[in-house]
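S.K.: sharing a model prediction with you, sequence too.
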Amino acid sequence: MKLSRNDGYEFCTTSLPHLPSTGTGKSNDQTKRPRRDVMSLDSKWWCTSIVGEITDVPSPSDRGAMNIDSGGKWEGAQLVKDLCHPTDASIRRNAEHVFKSSLAWAIHMNIPAVIVPPVPLDATESLNYARVLSGLTLNCSVGNVQLWVRTPFHAEYLEAFNLLCQRCDIPSNLGCMVCYGMDIPENKNASLTDTSQSSSPLHISSINLLHKFIGHSLKAVSFNTASFLTNKRGYPTLSKSYQLLFSELLRRIGRTCRVLVEGGCRHHPPNAPDANGQTGCLAYLQYLRHLRTRPEVTGIIDSAESITETPYLDHLQSPLQPLGDNLEFSTYETFEKDPVKYRNYQVAVELCLRDKSLRLLKNKNALQPNSSLPFEPLTVEEKIKFGNGFTHLVTILVVGAGR
């Protein structure tokens, strides 16, 4: 934790302890002992700067709070398989106990978020996984603990996560964490500049997939160090496709989304021995912050409108009723600055008037040759705006439209 804070990271992850289950026979005394690093941090750090993770293998009591290298493997994948063991019921009960005990410990320590294994694509395993998480999300909501489900950036995993949310009645504290680079097979002998080993091919349709992820309660994004390329100076960099995806993600939810760097250090700049800092991953953080400072990103998420609307993001807002409800001034001020709403209002009114005017002009009984109706001839600019089918401008006063 100290090394992470010194390098500028705002939080670090730690494996949650596996508490022994009762009534299962003898258990190792080593697993009964609590983690020795619990009292090393004040409670304020546990509830602000620590993210838990459910893993397969219990962490030794003297392990630090940072997972250096996951080796490109999904943490907790075997644990999910044990939840749906075909023959041994004890394995299923033990796996379920690991989930319950780990999350109970996270609630006790006031950890704000816990990373859980990805949703299996197998229908049977996915159903049992949803059954377990459905009950755990209720307990976690009481302790204000969020659950981040690891989700590879693929359409089939998004569909599996969407099905999981529906089976769990779409809890508000259940979200997905998009993971880049974890699906790359580890090959230590491969060159870091080889794009076939360090990045996966992405297409323009990936932008549409990213927007779908954002619409499915995207809470965090994870970059494994295996997804980074190496530039001419030896520093880590992302491919053009990943840069485009990450910039679009920041433009949409950059003020609320959390970004993780996972894996061991794979880049060693020759002329900068201290570039990786105390954690070995400082260069990755600096590069991601460089992408955050691009003008196309800061121009949107650092604007006054974005800062004002941040508290209202991801919350259901009742329709504003200014004439019937006594709303706060700040609520009016925030929603009246919404440019999309008023632009759509203008387009809707224009379309309505165009439709009404067209019907009126086509009515031969209403348009007599010598009648004097309150129609004004359209100018050239208005004809271009409203279309060639209109010859006169009609002004209509809308009464009772409210604010």
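M.R.: Alright, I've got the coordinates.

S.K.: what stretches of the chain score poorly on pLDDT?
M.R.: For the chain, applying pLDDT under 70 flags the ranges 20-35, 57-75, 182-204, 314-323, 357-378, 386-403.

S.K.: how is it divided into domains?
M.R.: 2-312, 329-393 (automatic domain parsing).

S.K.: so can I have JSON lines of the ones you listed showing mean neighbour count?
M.R.: The way it works is simple: take the backbone N, C-alpha and C, and place the C-beta from them, glycine included. What follows is these, written out as JSON lines (neighbours: other C-beta atoms under 10 Å):
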{"stretch": "domain 2-312", "mean neighbour count": "17"}
{"stretch": "domain 329-393", "mean neighbour count": "11"}
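
S.K.: the residue most central in space within the chain and G135, how far apart?
M.R.: Geometric centre of the chain, nearest residue: L218, 2.3 Å, by C-alpha atoms, centre = their mean. Distance of L218 to G135, given as C-beta to C-beta, to the nearest Å: 24 Å.

S.K.: and the longest helix for this structure?
M.R.: Using DSSP state H to define each element, the chain has its longest helix at helix 339-362.

S.K.: CA atoms only: put that one into CSV for me.
M.R.: Once non-C-alpha atoms are left out, helix 339-362 reads as follows in CSV (Å, rounded to 0.1, in the frame of the first residue of the first chain):
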residue,chain,number,x,y,z
PRO,A,339,-28.0,20.7,-24.1
VAL,A,340,-29.3,17.4,-25.4
LYS,A,341,-32.7,17.8,-23.9
TYR,A,342,-33.4,21.2,-25.3
ARG,A,343,-31.9,20.4,-28.7
ASN,A,344,-34.3,17.4,-28.9
TYR,A,345,-37.2,19.6,-27.7
GLN,A,346,-36.5,22.0,-30.6
VAL,A,347,-36.3,19.2,-33.2
ALA,A,348,-39.5,17.7,-31.9
VAL,A,349,-41.4,21.0,-32.0
GLU,A,350,-40.1,21.7,-35.5
LEU,A,351,-41.2,18.3,-36.7
CYS,A,352,-44.6,18.7,-35.2
LEU,A,353,-45.1,22.2,-36.8
ARG,A,354,-43.8,20.9,-40.1
ASP,A,355,-46.4,18.1,-40.0
LYS,A,356,-49.3,20.4,-39.0
SER,A,357,-48.3,23.1,-41.5
LEU,A,358,-48.1,20.5,-44.3
ARG,A,359,-51.6,19.2,-43.6
LEU,A,360,-52.9,22.8,-43.5
LEU,A,361,-51.3,23.8,-46.7
LYS,A,362,-52.6,20.7,-48.5
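
S.K.: ranges for the strands of the chain?
M.R.: 12-15, 50-53, 113-116, 146-152, 174-180, 218-224, 229-230, 236-237, 258-262, 376-377, 392-393 (DSSP state E).

S.K.: nearest to A272, of these?
M.R.: A272 sits nearest to strand 236-237 of all these, at 12.1 Å, using C-beta to C-beta.

S.K.: same for that closest one, what does it pack against?
M.R.: In terms of contacts (3 or more C-beta pairs under 8 Å, 6 or more residues apart in numbering; DSSP states H and E), strand 236-237 is packed against strand 229-230, helix 282-292.

S.K.: nearest to L16, out of those?
M.R.: Judged by C-beta to C-beta, the one of the helices and strands packed on strand 236-237 that comes nearest to L16 is helix 282-292, at 24.2 Å.

S.K.: now the closest one - C-alpha only, CSV.
M.R.: The C-alpha trace of helix 282-292 is given here as CSV (Å, rounded to 0.1, in the frame of the first residue of the first chain):
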residue,chain,number,x,y,z
LEU,A,282,4.8,3.5,-12.5
ALA,A,283,5.4,3.9,-16.3
TYR,A,284,2.0,2.3,-17.0
LEU,A,285,0.2,4.7,-14.7
GLN,A,286,2.0,7.7,-16.2
TYR,A,287,1.0,6.6,-19.7
LEU,A,288,-2.6,6.1,-18.8
ARG,A,289,-2.7,9.6,-17.2
HIS,A,290,-1.1,11.0,-20.3
LEU,A,291,-4.1,9.6,-22.3
ARG,A,292,-6.4,11.2,-19.6
